[in-house]
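> Build me a structure from this.
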Amino acid sequence: MPAPAPDIRTLLPPRSVVLGPMAGVTEAPFRGICKRMGATLTYTEMISAKGLHYNPDSRVSRELLTFDPAEAPCGVQLFGSDPAIMADRAAWVCAEYGDDVALIDINMGCPVTKVVSNGEGSALMRTPELAAEIVSRVAAAVPVPVTAKFRAGWDADEINAVEFAKTMEAAGAAALCVHGRTRKQFYQGAADWDVIAAVKTAVDVPVIGSGDVFSATDAAAMLERTGVDAVMVARGAQGDPWIFREARALLDRGETLPPPTPLERVEMAREHARALVAFAGEHAVTRMRKHIGWYIVGMPGARHVRERVNHVTTSAELDSLLGEYEGYLQHTGSTDDADTSHDEA
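You can find the predicted model right below:
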C-alpha cells in the first residue's frame, strides 16, 4: 500500500493555467517550452496502459515517458478500460520515473473512434461504475494524486458530467478536469462553460476547466464565470506557448502583454524544431511541420513558407528555410508587427 498522495493543491495552486495533453502535439520539448513560458503544470500525451503492459520498453513507450528538465514533475495521462492493467501500469510508471511524475491522470474524454470503440476514453462516461473502479484501483496503487479528465457527456441527450464527477470524487479522484463539449461534438461548436461551473459547484475537489481557451482573456473569463480552480489550455497553445506568459501577467498583475513579434515567433519555431529533432531524431522533422504552420499563421509570407515546409525532410533544410524567412521579415520591415491578422502569399 503506497503512502498517502501529496495534496493536489500543491500542484494546482488557485488560478493555475495548465497545458493540456494533446496526442502528437505535447511531446516533451513543447511541454518544456510551455513550462518555461509559465504553465503551472504539463501533461504527457495520452498513453495506452495496454501498450505499456505489452511493450513497456518500446521506443514509443519510452519517448512518451521522457520528460523535459524544465517541466518536472509532469502529469502522466493514461487511458484504458481494464482496472487491473490501469492500476498495474500506473504503479509501474511511478516506480520507474519517480519524482518526474506529478500525478496520474485518467483519460475519460478522448472522442476518437478507435479509442471509444474499445470502451476507453469518453466511452467510460457511459459506464460510470467501471470508470469508478479504475479510479479507485489506480488511487490505491500509486503514491501520487489521481485525477480524471472527462467531457460534458456523450451527446446532447446524455449530459452527465455532474453525476459522473460526483462518482469520480467518491472513487478517490483528487481533482477533475471537465471539457465543456460532448463526445459527439469532438472539437466542434462552442464549449459549454455552464456545465463546467455546475461540476465545480457539485464537488469539493479542485476542478480544472477546459474548452475554448485561446487567449489570456479567455483564461480569465473562464475562471470568473465558472469558479474553477484552474484552466487548461490545449489547442490555444498550438503555435502560441506565449499564452501562458500572457495569462500569468493578466491574472497575477492585471497586465496585458503585447503578443510576440513575427521574429519572436520564428525564433521560437526554430528553437522548438531543434529541440524536437534532438529528442526524437531526424524523422521528427515531419512532425514539426504542423507546429511551423501554427507558429506562423497569419504572418506575412506564411502561405509560401507552409508550402515549402511540407517538402522539407531534414532538420538542416528546415532551419535554413526558417532562417531565410527571418531574413524576409527583416527585409520587409515586418519584424515588429504585432498584428498577425494577415497572411500574404
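
> I figured residue 14 hits residue 228, correct?
No. The criterion here is Cβ atoms under 8 Å, and residue 14 misses it with residue 228 at 9.9 Å. Every C-beta, even on glycine, is put in place using the N, C-alpha and C of the backbone.

> Now do residue 220 against residue 235, distance only.
Separation of residue 220 from residue 235 (Cβ to Cβ, to the nearest Å) stands at 18 Å.

> got it, and residue 13?
Residue 13 is 24 Å from residue 235, by Cβ to Cβ.

> If you count surrounding residues, which of these two has more?
Legend: neighbour count by other Cβ atoms under 10 Å for residue 13 and residue 235, higher for residue 235 (16 against 12).

> next one: phi and psi at that one?
phi -60, psi -30 (degrees, to the nearest 10).

> what's the answer for residue 12, then?
Dihedral angles (degrees, to the nearest 10) for residue 12: phi -120, psi 70.

> Kindly state the pLDDT recorded for it?
With respect to pLDDT, residue 12 scores 94.

> Repeat that for residue 6.
81.

> What helix or strand is it located in?
Using DSSP states H and E, residue 6 sits within no helix or strand.

> gap between it and residue 99?
11 Å.

> So which of the two has more stuff around it?
Neighbours per residue (other Cβ under 10 Å) separate residue 6 from residue 99, with residue 6 holding more: 14 against 10.

> Please look at the more buried one and residue 146 and confirm they touch.
No. Applying Cβ under 8 Å as the test, residue 6 and residue 146 come out as separate, 11.7 Å apart.

> In stretch 181-196, which residues are buried?
Of the residues in stretch 181-196, 181, 182, 183, 184, 185, 191, 192, 193, 195, 196 count as buried by neighbour count, 16 or more other Cβ atoms under 10 Å.

> list the contacts for the third one?
Right, the one you point to is residue 183. 109, 111, 116, 122, 123, 125, 151, 153, 154, 155 (Cβ atoms under 8 Å, 6 or more residues apart in numbering).

> pretty sure the fifth one contacts residue 116?
Yes. Between residue 123 and residue 116 there is a contact under Cβ under 8 Å: 4.4 Å.

> residues contacting the residue nearest to residue 106 when sequence neighbours are not counted?
Distances taken as Cβ to Cβ, 6 or more residues apart in numbering put residue 148 closest to residue 106, at 4.9 Å, once the chain neighbours are dropped. Residues counted as contacts of residue 148 (Cβ under 8 Å, 6+ apart) are 105, 106, 108, 131, 135, 168, 173, 176, 177.

> Perfect, that will be all.
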